[in-house]
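Chemist: Attaching a predicted model along with its sequence, questions to come.
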Amino acid sequence: MNLVTGATGLLGSHVVLKLLQQGKTVVAAKQSSSDLTKVKHCFSYYTKDAESLFNKIKWVDLDITDVYSIEEALNGVEHVYNCAGFVSFLEKDLPKLTLLNETGTANLVNACVENLPNGKAGKIKSFCHASSLSTINNADYEGELSEKIFWKTSGKESSYAISKYNAEREVWRGIEEGLNAVIVNPGFILAPGFWKQSSGKLFAFCKKGNMFYTDGSTAYVDVNDVAEVMVQLMDKQIFNERFILIENSYTFKDIFTQIQQNFGKPAPFIKSGIYLLQLGRIADAILSAITRKDRVLTSNTIRTAIGHKKYSNSKIKNTLSFSFKPIKEVLNSICEHYKNDLKSGKI
């Protein structure tokens with residue numbers, strides 16, 4: 001039996017689908033207020049059996065900050081996919097990031113360690129943790145970043161990156177205590193269906209015909225590739241390792257251009273340099289104070305917008321003989337899903 005935390009989210013829903021398509025039993029963790037219709041709609045992108053597959057899911061309410069809730073959810077479970085997490089680059093969200101990403105992961109790891117077989121009644125055999133590319137962090141290293149690069153604090157890391165790094169430390173601790181675990185570090189995950197969160201916001205943004213771009217770049221990956229790799233690593237019992245999951249790095253201008261062309265919009269043509277971005281950050285701070293809405297431009301988002309980091313995916317490609325889906329194909333497919341959802345009134 002497989003438990004997937006964060007099952008109503010962008011990555012978790014795709015892991016659930018992958019497991020179900022392989023005929024595996026899935027216990028999917030959700031919050032009491034979760035919207036399950038998004039999960040079923042997500043399934044419909046990939047299969048005509050969305051309804052029947054969705055009905056095979058055993059849903060459980062799980063509060064990752066509540067150890068009793070976790071212990072109850074683990075009843076009968078052998079394999080755990082931890083896709084739960086909170087994403088924010090706002091400093092005000094540090095307490096929530098720490099609670100959900102760091103403490104939540106620690107609670108889950110502790111419960112799994114307590115439920116290891118070891119001659120006891122426990123059944124936990126394996127654990128896969130979805131982390132982030134942001135934890136492959138060393139500002140002093142100028143070459144291509146790989147799994148061999150471990151965290152070095154520079155003082156410029158986002159609260160999100162710090163919380164994900166500390167969450168990884170909890171998983172490594174669990175490994176030392178006997179847990180068979182593996183960590184994946186995906187790049188920017190591209191996925192359809194969750195249009196008001198994560199990468200979904202990118203498509204909604206470009207649909208309006210964005211005029212601006214920056215010189216920065218980042219690494220991207222298809223959500224289905226991430227789910228496929230996670231399941232393969234668990235099936236092949238590859239533990240005590242971490243793997244960077246990316247197809248390649250692309251400039252923001254290239255990504256914006258391709259999406260906007262798919263929507264029949266012109267490519268962005270105004271370059272936003274550091275000075276324009278800093279002016280925007282000040283204006284955004286003033287607007288946020290007036291409207292009481294969250295800020296969009298922060299020091300961390302600006303660093304990302306103009307930053308250039310190269311990552312290697314050689315380790316996972318060699319370990320699993322895995323080929324990532326080209327990002328151009330991924331973007332084309334997601335844009336079609338967006339247009340269809342817009343036409344059918346689902347957006």
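Modeler: Great, that's in hand. Note that the structure is predicted; figures quoted are calculated from it, not measured.
Chemist: Can you list the residue ranges for helices in this structure?
Modeler: Shown for the chain, the helices assigned by DSSP state H span residues 10-21, 37-44, 50-54, 67-73, 94-97, 104-114, 159-176, 200-207, 223-235, 252-262, 274-291, 299-306, 314-320, 327-343.
Chemist: quick check: domain ranges of this structure?
Modeler: Following automatic domain parsing, the chain resolves into domains at 2-188+222-245+311-325, 189-221+246-310+326-347.
Chemist: Just name the shakiest helix or strand of the chain by mean pLDDT.
Modeler: helix 274-291 (a mean of 58; mean pLDDT, DSSP states H and E).
Chemist: circling back: okay, the helices of the chain, which one's buried deepest?
Modeler: Among the helices of the chain, helix 10-21 has the highest mean neighbour count (mean count of other Cβ atoms under 10 Å), at a mean of 24. C-beta coordinates here come from the backbone N, C-alpha and C atoms, glycine included.
Chemist: coming back round to it: mean pLDDT lowest where, among the domains of the chain?
Modeler: Mean pLDDT values for the domains of the chain show the minimum at domain 189-221+246-310+326-347, a mean of 82.
Chemist: Would you mind measuring the gap between the ends of that domain?
Modeler: End-to-end distance for domain 189-221+246-310+326-347: 20 Å, by Cα to Cα, to the nearest Å.
Chemist: Check the burial of the closest residue to Phe150 other than its chain neighbours by counting its neighbours.
Modeler: Nearest residue to Phe150, sequence neighbours excluded (Cβ to Cβ, 6 or more residues apart in numbering): Asn138, at 7.2 Å. By the measure other Cβ atoms under 10 Å, the count of residues near Asn138 is 14.
Chemist: For Asn138, give the beta-bridge partners.
Modeler: Lys152 (DSSP bridges).
Chemist: you'd agree it is up against Thr153?
Modeler: No: with contact defined as Cβ atoms under 8 Å, Asn138 does not count as touching Thr153 (9.5 Å).
Chemist: Gly178 is in contact with Asn118, correct?
Modeler: Yes: when contacts are counted by Cβ under 8 Å, Asn118 is listed as touching Gly178 (7.1 Å).
Chemist: Stretch 338-347: end-to-end distance?
Modeler: End-to-end for stretch 338-347, by Cα to Cα: 8 Å.
Chemist: How far does it sit from its chain's centre?
Modeler: Centroid displacement of stretch 338-347 relative to its chain, using Cα atoms, centre = their mean, to the nearest Å, is 24 Å.
Chemist: what does that stretch contact?
Modeler: Here stretch 338-347 makes contact (Cβ atoms under 8 Å, 6 or more residues apart in numbering) with His41, Pro192, Gly193, Trp195, Phe203, Ala204, Lys207, Phe263.
Chemist: now those as a markdown table including distance to Ala111?
Modeler: Shown next, in a markdown table, are these (distance: Cβ to Cβ, whole Å):
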| residue | distance to Ala111 |
| --- | --- |
| His41 | 31 |
| Pro192 | 33 |
| Gly193 | 30 |
| Trp195 | 33 |
| Phe203 | 37 |
| Ala204 | 37 |
| Lys207 | 42 |
| Phe263 | 45 |
